[in-house]
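Visitor: using only what follows, build the 3D model:
(one chain, ligands or ions: 1)
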Amino acid sequence: MGKEAASSFARWFALNDLNINVDLKAVCDLNQTVLDWYRNVPTVELLTTDYLELLARPDIDVVYVALPHNLHEKYYLDVLAAGKDLLAEKPFGIDLEAARRVKDEADKLGRFVRCSSEMPFLPGPQRVLKEVRSGRLGQIIEIKAGFLHSSDLDRSKPINWKRQEEFCGEIGVMGDLGMHVLHLPLRLGWKPERVYAQLQKIITTRPDGKGGMAECDTWNNATLNTEVNIEDHLVPMTLEMKRIAPGETNTWYIQVLGTEGGVRYSTKDIKTLWIFKTEGEQWWQRTDLGFKGMPFATITGGIFEPGFPDCFMQMLAAYIAEREGVLGNRFGCVTPQEALDSHYIFDAAIKSFKSQTLEMIDYKDVLV
Ligand SMILES: NC(=O)c1ccc[n+]([C@@H]2O[C@H](COP(=O)([O-])OP(=O)(O)OC[C@H]3O[C@@H](n4cnc5c(N)ncnc54)[C@H](O)[C@@H]3O)[C@@H](O)[C@H]2O)c1
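Guide: From the prediction side, this is the model:
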């Protein structure tokens with residue numbers, strides 16, 4: 001993901017209405033081959049395997065940390081202690097307690113911190129947000145959202161840190177995909193009150209890359225059946241986070257149905273927005289969206305299709321704009337509170353699955 005960020009900064013000039021320059025100055029990675037790749041970036045002055053060397057530089061204002069999940073808390077806290085602002089990757093720490101400590105420290109030190117989740121910056125999710133906020137949907141009946149991968153269906157795919165609880169955390173796939181799924185619902189104020197979770201370990205061994213097999217002990221798939229209170233109605237909200245969803249390659253989707261209308265979007269059809277209407281007959285209206293619904297205008301023409309690098313760049317632009325106080329009414333990155341709320345939900349989901357109960361989600365905001 002570090003390379004994705006570098007690629008966004010390399011074409012920063014494509015942003016039309018953000019007059020704030022950003023240079024990638026320094027990169028830390030333990031892997032020399034990865035570090036060498038960054039020699040392609042002319043603005044980079046420091047390549048190091050020692051992150052403390054990077055944090056010691058006075059000319060660095062913001063650090064983006066994209067590391068295995070077991071390292072998040074330590075590195076996030078060190079970035080904050082070094083006086084830098086932080087763009088954290090998800091999850092916001094390996095578990096709920098780590099997330100609380102990071103948020104608490106960021107609040108205490110007054111650093112600008114946001115968490116990564118780029119899909120909602122696409123024009124489709126932006127329109128979903130607008131449709132819901134317009135009130136045109138009437139009373140909300142149900143919400144379904146998810147993020148689906150499928151490459152893990154291939155049993156010959158070697159194990160890596162993302163498939164081992166020690167490195168990716170007990171929350172498994174929820175830590176990997178859950179923040180993406182919850183970004184829009186939480187931004188809409190839809191904080192679920194209860195959860196019944198179905199967690200699955202489907203493929204439990206994988207090649208270890210050294211000729212043997214290794215245990216894959218993480219949750220592959222999570223289906224969270226939640227309930228959210230919207231205007232005094234308890235509304236079912238189903239959240240899917242799956243590494244083994246046959247046929248789905250990075251499919252992010254959301255559907256919201258109401259008594260007066262509905263709206264649906266999936267990255268599977270990246271430029272298609274579906275809006276449900278009842279006018280005598282009931283029908284789904286399909287609209288082709290171009291680039292122009294992006295929060296930040298770029299040199300790319302309004303009719304062209306956006307993709308992953310585009311929404312990633314939009315997310316970085318939102319981070320910088322908000323940090324500089326010029327976000328305006330544009331969509332912003334996941335806040336520390338939203339990131340923490342996602343952890344309360346994952347934590348309750350683990351408890352629900354263990355005890356096979358409907359679990360109340362107790363959002364506590366202070367460290368005990
Ligand atoms: N926003 C997204 O869409 C998205 C997509 C994929 C991954 N991620 C997140 O990004 C983070 C990293 O995931 P990834 O896919 O880039 O992983 P990755 O394994 O491809 O890259 C991690 C990098 O960290 C380096 N590294 C490991 N330990 C280190 C240390 N102690 N010091 C310095 N460098 C170290 C590794 O050499 C490697 O290059 C995770 O939090 C993951 O959940 C986000």
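
Visitor: okay, helices next: where are they in the stretch 101-250 of the chain?
Guide: In the stretch 101-250 of the chain, the segments counted as helices under DSSP state H, counting those that start in this stretch are 123-134, 165-168, 173-187.

Visitor: which parts of the longest one are buried?
Guide: It refers to helix 173-187. Of the residues in helix 173-187, 173-187 count as buried by neighbour count, 16 or more other CB atoms under 10 Å. Where C-beta positions appear, they are placed from N, C-alpha and C, glycine not excepted.

Visitor: show me which of these neighbour the ligand.
Guide: Contacts with the ligand within the buried residues of helix 173-187, as defined by CB under 6 Å from any ligand atom: Asp176.

Visitor: contacts only, for Thr49.
Guide: Contacts of Thr49 were listed using CB atoms under 8 Å, 6 or more residues apart in numbering, and they are Cys28, Asp29, Leu30, Gln32, Leu35.

Visitor: out of those, which sit inside strands?
Guide: If you go by DSSP state E, the contacts of Thr49 have Cys28 in strands.

Visitor: what about the closest residue to the ligand within the stretch 101-250 of the chain, neighbour count?
Guide: With CB to the nearest ligand atom, the shortest gap between the stretch 101-250 of the chain and the ligand falls at Ser116, namely 4.4 Å. When neighbours are counted by other CB atoms under 10 Å, Ser116 registers 26.

Visitor: give me phi/psi at it?
Guide: phi -70, psi 140 (degrees, to the nearest 10).

Visitor: can you classify the nearest residue in space to Glu324 that is not next to it in sequence by secondary structure?
Guide: Closest residue in space to Glu324, ignoring its immediate chain neighbours: Ile20 at 5.5 Å, by CB to CB, 6 or more residues apart in numbering. State at Ile20, reduced to three classes by DSSP: H, G, I helix; E, B strand; the rest coil: coil.

Visitor: Ile20 against Glu322, yeah?
Guide: No - taking contacts as CB atoms under 8 Å, Ile20 lies outside contact range of Glu322: 10.9 Å.

Visitor: which one of those two has more residues nearby?
Guide: Neighbours around Ile20 and Glu322, counted as other CB under 10 Å, are more numerous at Glu322. The numbers are 18 against 12.

Visitor: just want the angle from the lengthiest helix in the chain to helix 173-187.
Guide: For the chain, the helix that runs over the most residues, judged by DSSP state H, is helix 336-355. Per axes from the mean of the first three to the mean of the last three CA atoms, to 10 degrees, the angle that helix 336-355 makes with helix 173-187 is 130 degrees.

Visitor: which is the next helix or strand following helix 336-355?
Guide: Downstream of helix 336-355, the next assigned helix or strand under DSSP states H and E is strand 359-360.

Visitor: helices or strands up against that following strand?
Guide: strand 194-200, helix 336-355 (3 or more CB pairs under 8 Å, 6 or more residues apart in numbering; DSSP states H and E).

Visitor: buried among the contacts of Thr49? Make that a ChimeraX selection.
Guide: Burial among these is assessed by 16+ other CB under 10 Å; the matching ChimeraX selection reads:
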select :28,29,35
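
Visitor: okay, and the residue lying closest to Met313 once chain neighbours are set aside sits in which element?
Guide: Once flanking residues are discounted, Met313 sits nearest to Ser8: 4.0 Å by CB to CB, 6+ apart. According to DSSP H and E, Ser8 maps onto helix 2-10.

Visitor: for that helix, which positions count as buried?
Guide: Gly2, Glu4, Ala5, Ala6, Ser8, Phe9.

Visitor: before we move on, back to that, same question for the longest helix of the chain, mean pLDDT?
Guide: Averaging pLDDT along helix 336-355 gives 98.

Visitor: tell me where the stretch 101-250 of the chain has strands.
Guide: With DSSP state E, counting those that start in this stretch as the criterion, the stretch 101-250 of the chain has strands at 113-115, 140-148, 194-200, 205-207, 213-215, 221-230, 233-242.

Visitor: could you dump those to a markdown table with mean pLDDT and mean neighbour count?
Guide: As requested, these are exported to a markdown table (pLDDT from 0 to 100; neighbours: other CB atoms under 10 Å):
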| stretch | mean pLDDT | mean neighbour count |
| --- | --- | --- |
| strand 113-115 | 98 | 25 |
| strand 140-148 | 98 | 21 |
| strand 194-200 | 98 | 19 |
| strand 205-207 | 97 | 16 |
| strand 213-215 | 96 | 13 |
| strand 221-230 | 98 | 21 |
| strand 233-242 | 98 | 20 |
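
Visitor: contacts only, for the residue of the stretch 51-200 of the chain found nearest the ligand.
Guide: The stretch 51-200 of the chain approaches the ligand most closely through Glu89 (3.5 Å), counting by CB to the nearest ligand atom. By CB under 8 Å, 6+ apart, Glu89 lies in contact with Met1, Tyr64, Val65, Ala66, Leu67, His72, Cys115, Ser116.

Visitor: buried ones among the residues you listed?
Guide: Buried members of the contacts of Glu89, scored by 16+ other CB under 10 Å, are Tyr64, Val65, Ala66, Leu67, His72, Cys115, Ser116.

Visitor: of all these, which two lie farthest apart?
Guide: Greatest spacing in those, by CB to CB: Leu67 and Cys115 (13.6 Å).
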